[in-house]
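Student: Got a predicted structure here, sequence first:
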Amino acid sequence: MEISISKIRLDRWLWYCRFFKSRTVAARQIRSNNFRVNGARVRKASVPVKLGDIVVFQKNNEVKIVEVMAAGSRRGAPAEAASLYKERDK
């Protein structure tokens, strides 16, 4: 039986996508930086994201705008991680 995950914590999703080395680092960045999910500012790592959500954040002095394409179920290879999101134009 396959479990379908429709929502996932923001810190876990960012880690699965390989934007950050660990969930701890992702959570720390969420608390201290300007993260937005669908235009709303978030400060908690536990904020759920789902298919179609737009996540905006800054990493390495670059603004990233990504659309959630899948929740994911593990932190896989880089090719698998890249399939979880789609980069959007600024």
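Tutor: Cool, the structure landed.

Student: Name the nearest residue to residue 74, sequence neighbours excluded.
Tutor: Excluding its sequence neighbours, the residue lying closest to residue 74 (Cβ to Cβ, 6 or more residues apart in numbering) is residue 16, at 7.0 Å. The C-beta positions use only the backbone N, C-alpha and C, and glycine is treated the same way.

Student: Counting neighbours, what do you get for residue 73?
Tutor: A count of nearby residues for residue 73, using other Cβ atoms under 10 Å, gives 13.

Student: residues contacting the residue nearest to residue 51 when sequence neighbours are not counted?
Tutor: Nearest non-adjacent residue to residue 51, counting by Cβ to Cβ, 6+ apart: residue 68, 5.8 Å away. When contacts are counted by Cβ atoms under 8 Å, 6 or more residues apart in numbering, residue 68 touches 13, 49-55, 84-85.

Student: Just flag the most distant two among the residues you listed.
Tutor: 54 and 84 (13.9 Å; Cβ to Cβ).

Student: Which one of the two is surrounded by more residues?
Tutor: Higher neighbour count among residue 54 and residue 84: residue 84, with 20 against 14, using other Cβ under 10 Å.

Student: Would you check the distance separating the longest helix along the chain from the middle of the chain?
Tutor: The longest helix of the chain (DSSP state H) is helix 23-32. Helix 23-32 sits 11 Å away from the centroid of its parent chain (Cα atoms, centre = their mean, to the nearest Å).
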